[in-house]
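**Q** how would this look folded up:
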Amino acid sequence: MLNTNSAADTPQTPTGVWTGLMHHDDRTDSFTVSFALDGTIALRTPHSVGTGVWSADRPGGFSYELTETPVPAADHPGRVRIQVEAHLEGAGYRGTGTVRVHTPDGAPAHAAASAKFTADRLDGGPAAWHDVVSLGAHLRGRTLHPGDEGFEEACSGWLLTVEHRPAAVVVAADADDVAAAVRFAAQAGHPVAVQSTGHGKSVPADGAVFIATGELRELSVDPRAGTARIGAGLRWGEVVAAAAEHGLAPLCGSSGQVGVMGYLTGGGLPVAGRTYGFAADHVRSLDVVTADGLLRTVSPAQEPDLFWAVRGGKSNFGVVVAAEIELLPLRTVFGGQLRFPVEDARQAAHVLGSYLGWVKDQPEEMSSSVTLMRFPDVPQLPEEFRGRSLVLVRVVYVGDGEQGARLVEPLRALGPEQDTCADMPYTQITEIYQDPKGPVSTHLRSALLHELDDEAVAELVSFIDPSKPGGPFPGIELRHLGGALNRSPGRPHAVGTQGAAFHLWLRLPAPAGQAGAAREAAGQVLERLRRWDTGAMLPGFLFDHDSAPERVRRAYTEANYRRLAELKAKYDPNQLFRINHNIPPANR
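**A** Coordinates of the predicted model:
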């Protein structure tokens, strides 16, 4: 094994990362190899990975032995065993060796071949992928490491303010890949992070085995049962379109770009929530890979505690790879947006105050929100928004369109400059909010609020007052709660409004170099609204600062948080799933 005295002198030993060529059987193969001080070696080629040991018994000379496995192994059965004697030549090394091909059960496949090796040093330390390289041998999908083509893209997502630097990315091809990645991470001591579309990015996944579920795209609709089975790689727009072919609809949120599983496991606040409750209310079962690497199907009849915990606990309890959900017999709704220009704070207060008075008389079939926005005067924005302050009211009425129009009439009487409210197919429901489809650099915060009075109105409109020069330029959305959202669901879960009247969703632009200013401005907004803050939050909206432990507790009732912590101790006592809004195991 390793002679540590000589290994300490990097130029005299192979410690580090090398790129080279292997010549054998009239062919030439490229490889990258990493030598670590502990005597281990890790190999990568375009089609295989390998692990083994190396030793140095004289300055400038060394030997190594490794086993190479084709990737994916299922498509290329067999293994290659390589033994090499080599010597250093400045910044490179040369060597000769023996290559032996074996079947999966270890039997020789054909005669040993002689090989020659040449390589050049890339770096003096082991590769970032050194201890996770063998992961790829167990998968049908792809394994990406820092520096690989596609690595940065796989780590990125809709929210650009959170950057991931994982040890490896597993682009899972199926649930078995997810289970293999979880087992590997547990054995190797790496945490697990999971992402489908990146809308739910909350904390950096540094050093993690990062599982990308975007290729788990199962989708089937059972129109007779009124259900859909959906894979973790889908977005809501795809599910809405598939269900609509049968006159059915899922309870989606305001964006068709959001991934289904992060939304469901966070509870899911639908645009028609006052009528139907949280999306989690309508989940029938989940397929989840837990920290022991087992794939479990959980439902009210199978492991009901875990079924309860995952719907609200998000990725604290495992990686959800598929779900069965109930669909609604909805073909159309009455909905749209009313846009009001704001010339001064007084006008904004009139529109906001009128909206707050209007919602008090609305039936549960009417769901709505109001958003206060102020835009900078910059050429990057469309002219209709540049330098303006606006109040936007969005409505979704589940019922007769004529009745919906009558209910919205008091808002129309306020004189919006734009009014898109009309009967529409459910397939257009996510267009009401016009959420950005591409990635954004935005600081996000949230809260649950009590009923709002005139003083609250004055505070809110002050943030978009056109008479005040300069930033910040917030978007402040108030989603009206109540109705089915405030009732206990038929299939209990860990999500609830805790009696709040409104959900506050705060978004501030955070371009490169200005993240700190955005965080400070958001904190000031929340501080000035503290009098109306219930102290509670929704688990599906815990981003950035709100992923802090003391704020995570606020997303649950005290009893629910204790139960979640106890179940965390049962299903993930070693905190394998901690790259999230983390719920530590009880007694830790």
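**Q** report the contact partners of the nearest residue to R578 once chain neighbours are set aside.
**A** With sequence-adjacent residues excluded and distances taken as Cβ to Cβ, 6 or more residues apart in numbering, R578 is closest to P191, at 5.3 Å. C-beta here means a position set from N, CA and C on the backbone, and glycine is covered the same way. If a contact means Cβ atoms under 8 Å, 6 or more residues apart in numbering, then P191 has 185, 205, 207-209, 575-579 as its contacts.
**Q** among those, which are in strands?
**A** Of the contacts of P191, the ones assigned to strands by DSSP state E are V209.
**Q** out of the contacts of P191, who's nearest R562?
**A** Using Cβ to Cβ, Q575 is the member of the contacts of P191 that sits closest to R562, with 17.4 Å.
**Q** the closest one reaches A565, doesn't it?
**A** No - checked against Cβ atoms under 8 Å, the pair Q575 and A565 is beyond contact range at 11.6 Å.
**Q** of these two, which one has the most company?
**A** When Q575 and A565 are compared for neighbours, A565 comes out ahead with 20 against 16, by other Cβ atoms under 10 Å.
**Q** which residues does the more buried one contact?
**A** Listed by Cβ under 8 Å, 6+ apart, the contact partners of A565 are 583-586.
**Q** quote the end-to-end distance of stretch 478-490.
**A** 27 Å (Cα to Cα, to the nearest Å).
**Q** next, the buried residues of it.
**A** Neighbour-count burial for stretch 478-490 flags 478-486, 489 (criterion: 16 or more other Cβ atoms under 10 Å).
**Q** now stretch 205-215
**A** With burial defined by 16+ other Cβ under 10 Å, the residues of stretch 205-215 counted as buried are 205, 207-215.
**Q** hmm, back to that, shared neighbours of Q575 and A565, anything?
**A** Shared contacts of Q575 and A565, counting by Cβ under 8 Å, 6+ apart, come down to 584-585.
**Q** of the buried residues of stretch 478-490, which is the nearest to A280?
**A** For the buried residues of stretch 478-490, the nearest to A280 is P489 (7.4 Å; Cβ to Cβ).
**Q** where does that closest one sit, in terms of helix or strand?
**A** Counting by DSSP states H and E, there is no helix or strand that carries P489.
**Q** distance of it from V378?
**A** Distance of P489 to V378, computed by Cβ to Cβ, to the nearest Å: 44 Å.
**Q** check the buried residues of stretch 205-215 against E326 and report the nearest one.
**A** Checking those one by one against E326 (Cβ to Cβ), the nearest turns out to be T213, at 22.1 Å.
**Q** I'd say the closest one and A175 touch.
**A** No - at 9.5 Å, T213 does not count as touching A175 under the criterion of Cβ under 8 Å.
**Q** mind listing the strands for the stretch 1-150 of the chain?
**A** Ranges of strands in the stretch 1-150 of the chain, per DSSP state E, counting those that start in this stretch, are 16-24, 27-35, 40-45, 48-58, 61-70, 79-89, 92-102, 113-123, 142-144.
**Q** cool, and the stretch 351-500 of the chain?
**A** Along the stretch 351-500 of the chain, counting by DSSP E, counting those that start in this stretch, strands occupy 366-374, 389-397, 418-419, 422-425, 442-449, 475-480.
**Q** which residues are in contact with the second one?
**A** Pointing back at strand 389-397 there. 271-272, 333-342, 348, 351-352, 355, 365-375, 403-404, 407-408, 411, 416, 421, 429, 432-433, 464-466.
**Q** buried residues in stretch 564-578, which are they?
**A** By neighbour count on 16+ other Cβ under 10 Å, the buried set for stretch 564-578 is 564-565, 567-568, 571-572, 575-578.
**Q** and if you look at stretch 455-467?
**A** Result for stretch 455-467 [16+ other Cβ under 10 Å]: buried residues 456-457, 460-461, 463-464, 466.
**Q** equivalent analysis for stretch 546-557, please.
**A** For stretch 546-557, a neighbour-count test (16+ other Cβ under 10 Å) marks 546-547, 551-556 as buried.
**Q** with stretch 227-241 instead?
**A** 227-237, 239-240.
**Q** cool, and stretch 396-413?
**A** Neighbour counts using 16+ other Cβ under 10 Å place 396-398, 401, 404, 407-408, 411 of stretch 396-413 among the buried residues.
**Q** same check on stretch 180-198?
**A** By neighbour count on 16+ other Cβ under 10 Å, the buried set for stretch 180-198 is 180-186, 190-198.
**Q** ok, back up a step: quickly check the buried residues of stretch 396-413 for the two that are furthest apart.
**A** V398 and L411 (17.5 Å).
**Q** which SS state does the closest residue to L567 other than its chain neighbours fall under?
**A** Leaving aside its sequence neighbours, L567 sits nearest to A309 (Cβ to Cβ, 6+ apart; 4.7 Å). Under DSSP: H, G, I helix; E, B strand; the rest coil, A309 falls in the helix class.
**Q** doesn't E566 make contact with A309?
**A** No - using Cβ under 8 Å, A309 and E566 do not qualify as a contacting pair, with a distance of 9.4 Å.
**Q** helix or strand with the lowest mean pLDDT in this structure?
**A** Taking mean pLDDT, DSSP states H and E as the measure, the helix or strand of the chain with the lowest value is helix 4-7, at a mean of 38.
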